[in-house]
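Asks: Provided below for reference: sequence and predicted model.
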Amino acid sequence: MYALARAAASGQDAALFLTAAFAGLRRGELVALRWRDVDFEKRSIRVEGSFSHGAVTTTKGGRVRAVPQSPRWHKRSRASGQRGYATAPGDPVFPGDIAGHLDVSALRRRFVAARDAAGLRPLRFRDMRHTFGSLAINRASIVQVQAWMGHADVKTTMRYLHHRSQQDEAELLADPSHRCDRRQLVRRACGCERRQWFSRGRVAAAGCDCSLAWWLLHKRGASVRAG
């Protein structure tokens, strides 16, 4: 992504490309993003709209979401906020000419030009969003990644599971005497903080409605039942 940013036609395009890669926003969401949506103190980005056909509409899923600011994005966006123009709360973070917003089609053409100039493979604009998902799945639970990316169905988020590092699970097999802690697998997979208990090799939940955790454990060969 840094090679793409270096080949960008402007500093603004470079910042926008990095935002797509490190915050996972869709193209229309990037264009609609305003400074009031960026909370530097809480290091959070509020995604509440998308720019489409010359106007700001709702996001693809119709829901507002919050995405944490990565250290890389946090530093660069603060610099953009000091550019001296279009920095009011209602101004777009990435301003353009159409109603104050960027031309989405022109943005795509500049992306293709930067990609080719950087000598990258035929990446699509949405592949930058996939980069975020692939990075996030190694740092957070799948439920968190689902919320950050705005997926209505967790099955969409599951596509990133194959990007998750298997190093920790491999270490569980390094010592034959070490027994796998299924409780740890549940919590790492779903981020659920509710109490889980285990009996006779079966997994049960005390008031937990996270079906994703049970699905993942079932895939690992566990017998699953609700408590």
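Replies: Arrived safely.
Asks: in the chain, which helix or strand is least confident?
Replies: Here the helix or strand of the chain ranked lowest by mean pLDDT, DSSP states H and E is strand 196-199, holding a mean of 38.
Asks: Could you break the chain into its assigned domains?
Replies: The record's domain parsing of the chain by automatic domain parsing lists 2-136, 175-227.
Asks: which stretch in the ones you listed has the least confidence?
Replies: Lowest mean pLDDT of those: domain 175-227, a mean of 45.
Asks: all strands for this protein, in order.
Replies: Per DSSP state E, the chain carries strands over the ranges 38-39, 44-47, 50-52, 55-57, 65-68, 95-98, 101, 196-199, 202-205, 223-224.
Asks: Only the buried residues of the second one, if you could.
Replies: Judged by neighbour count (16 or more other CB atoms under 10 Å), strand 44-47 contains these buried residues: Ile45, Arg46, Val47. The way it works is simple: take the backbone N, C-alpha and C, and place the C-beta from them, glycine included.
Asks: out of those residues, who's nearest Leu25?
Replies: Nearest to Leu25 among these, counting by CB to CB, is Val47 at 6.2 Å.
Asks: Need the per-residue pLDDT for the nearest residue to His130 once chain neighbours are set aside.
Replies: Once flanking residues are discounted, His130 sits nearest to Tyr160: 7.9 Å by CB to CB, 6 or more residues apart in numbering. As predicted, Tyr160 sits at a pLDDT of 88.
Asks: What about Tyr160, how many residues nearby?
Replies: Using other CB atoms under 10 Å, Tyr160 is surrounded by 21 other residues.
Asks: what's the burial count for Leu123?
Replies: Neighbourhood size, Leu123 [other CB under 10 Å]: 16.
Asks: show me what contacts the residue nearest to it when sequence neighbours are not counted?
Replies: Once flanking residues are discounted, Leu123 sits nearest to Arg115: 5.5 Å by CB to CB, 6+ apart. Counting by CB atoms under 8 Å, 6 or more residues apart in numbering, Arg115 makes contact with Leu4, Ala7, Pro122, Leu123.
Asks: So how do I select the buried members of those in ChimeraX?
Replies: Typed into ChimeraX, the line below selects the buried ones among the contacts of Arg115, using 16+ other CB under 10 Å:
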select :4,7,123
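Asks: is it possible to export the contacts of Arg115 to CSV including distance to Ser141?
Replies: Listed next are the contacts of Arg115 as CSV, based on distance: CB to CB, whole Å:
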residue, distance to Ser141
Leu4, 29
Ala7, 34
Pro122, 32
Leu123, 27
